[in-house]
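# After the sequence you'll find the predicted model.
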Amino acid sequence: MKPAVTAAILMLSVLFSGPAAAKQLFTYEGVLNLQEARLDMNVTVRPEETLRLTLLKKDDRQFHLKSDLSHFKALAFDMNSEMEGVVDVQRDARGRVEAVVGTLWSNYSIVDGKPIKELSGGFRVEGGQLHVAELHFGTLDLNGVMDLSAPYKMDFDFNVRYMPMASFLKLWTGHNHFEDSRGDVVGVIRALGPLDRVLLKGNLKSYDAMIKGKEFDSIVLNLEGYYPQFEIDKSSRLAKQGGVSFSIDGRIDLGDLKSFKRQLKQLHTAPLVKESEYLKEWTIKTQTETGAESAALEYFIRNEDKLGTDEDEEDIMFGIQRSVQF
């Protein structure tokens, strides 16, 4: 198998399979026409899904890659696109292949019946690895490296740029059960390890969001785990409508969507606390529908010993302070 073909297949598999299909490997078959210097291939990404690729030799160094996607099922997404690429084979003075450099782009891309930002970017195959630099498609940017031999270890960064919440949840779960969600997601997801067991680390944010009927002013999630189970770090933050802010942590299993609402309820939440050497402070804020006025009720515990009192005594003072702003 030519390294350019293998690289292109791997890249398309990673781009379209997504986290929810990380354990699925692809198979392929094809016909090589030596007279026309042409290779036609069918790649099976899933048992019921195939991808047609054509590689045509233009000269001693350059190849043209083309792929037609018609109602291609990528997770829960329905995709139509014409994808093309140019591959350049770089050789040393002895004629040995040093690297394979490629550029990819797409035309007329439609996902779920809506046009999206076209695919564009490049890759490099060298030293048995696939290097991807600034590959853009829709609201995702991809950068990183993958081994071209089993078990296909990778280190990729998926940059999420204002992806609609419903689309983001579809990407992670492979299911279209989140039509009632809203908000845009931004952040980075890092994928590490072999293709059949990828460790994912995410740092994500969303504002004015809703998930399964639950509304939030803001969500800040720091999570890590082997798909489909993730641990949400205690540094994560949640601000519900009405101004009450919480820290949040716990486990989410995206492989069990039937209990997704219950999992959300079981996450551990605690009011955000401002803490210093001598003071702990909780603040609960409320806001009118118009946003014209707000009120804050503050609870604090003060350690007077830390404020300079006698070291042999330790005085603790609990207080409540209410303030209203217009």
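Sure thing, it's come through.
# okay, CA-based contacts and neighbour counts for the rest of this
Noted.
# Could you state which residue of the chain sits nearest its centroid?
Ile189 (4.3 Å; CA atoms, centre = their mean).
# That residue belongs to a helix?
No. Checked against DSSP: H, G, I helix; E, B strand; the rest coil, Ile189 lies outside a helix; its state is strand.
# Let me see the ranges of the helices in the stretch 201-326 of the chain.
Under the criterion DSSP state H, counting those that start in this stretch, the stretch 201-326 of the chain contains helices at 260-266.
# what ranges of it fall below the confidence cut-off?
The stretch 201-326 of the chain contains residues with pLDDT under 70 at 241-243, 273-326.
# Next, the contact list for the nearest residue to the residue nearest to the centre of the chain once chain neighbours are set aside, please.
Leaving aside its chain neighbours, Ile189 sits nearest to Gly202 (4.3 Å; criterion: CA to CA, 6 or more residues apart in numbering). Gly202 sits next to Gly187, Val188, Ile189, Arg190, Leu221, Asn222, Leu223, Glu224 when contact means CA atoms under 8 Å, 6 or more residues apart in numbering.
# The fifth one contacts Lys201, correct?
No. Counting by CA atoms under 8 Å, Lys201 is not a contact partner of Leu221; they are 10.4 Å apart.
# For Lys261, which non-adjacent residue is spatially closest?
Using CA to CA, 6+ apart, the closest residue to Lys261 is Lys212 (7.2 Å).
# want to throw the contacts of Gly202 into a markdown table with distance to Ser259?
Compiled in a markdown table, these are given as follows (distance: CA to CA, whole Å):
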| residue | distance to Ser259 |
| --- | --- |
| Gly187 | 26 |
| Val188 | 26 |
| Ile189 | 24 |
| Arg190 | 26 |
| Leu221 | 20 |
| Asn222 | 21 |
| Leu223 | 19 |
| Glu224 | 20 |
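# What is the nearest of the residues you listed to Val132?
Closest approach between the contacts of Gly202 and Val132, by CA to CA: Arg190, at 13.8 Å.
# so the closest one sits right up against Lys201, yeah?
Yes. Counting by CA under 8 Å, Arg190 touches Lys201, with 5.1 Å between them.
# so where is the stretch 1-150 of the chain shaky, pLDDT-wise?
1-26, 45-50, 74-76.
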